[in-house]
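**Student:** Structure, please.
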Amino acid sequence: MGTVIVGAIVLGALTLAVRSMIKDKKNGKSLQCGGDCKNCGGHCH
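**Tutor:** Predicted coordinates for the structure are as follows:
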């Protein structure tokens, strides 16, 4: 039973992380520099 609970928690965390990455990608943010082009030279967008 404990394995199922831990698995559900890990799956939930993974789902939230993927959802956040998709949302950031749709908003034009890059995974490499986080959309802060003054720190990466502007070549990430």
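**Student:** how about the strands in this protein?
**Tutor:** Counting by DSSP state E, no segments of the chain form strands.
**Student:** Return the helix or strand in it with minimum mean pLDDT.
**Tutor:** Least confident element among the helices and strands of the chain, by mean pLDDT, DSSP states H and E: helix 37-40 (a mean of 61).
**Student:** D24: neighbour count?
**Tutor:** 14 (other CB atoms under 10 Å). (Glycine included, C-beta is placed from N, CA and C.)
**Student:** pLDDT value on it, please?
**Tutor:** At D24, the pLDDT value in this model is 79.
**Student:** From V10, how far off is it?
**Tutor:** D24 is 21 Å from V10, where distance means CB to CB, to the nearest Å.
**Student:** Also R19?
**Tutor:** Look at R19 and V10: by CB to CB, they are 15 Å apart.
**Student:** Any stretches of the protein with poor pLDDT?
**Tutor:** 29-45 (pLDDT under 70).
**Student:** for it, what's the longest helix?
**Tutor:** helix 2-26 (DSSP state H).
**Student:** Pull out the buried residues from it.
**Tutor:** Of the residues in helix 2-26, none count as buried by neighbour count, 16 or more other CB atoms under 10 Å.
**Student:** what helices or strands is it leaning on?
**Tutor:** Contacts defined by 3 or more CB pairs under 8 Å, 6 or more residues apart in numbering; DSSP states H and E place helix 2-26 against no helix or strand at all.
**Student:** just use 41 as the starting number from now, easier for me
**Tutor:** Sure thing, new numbering starts at 41, so read that last one as helix 42-66.
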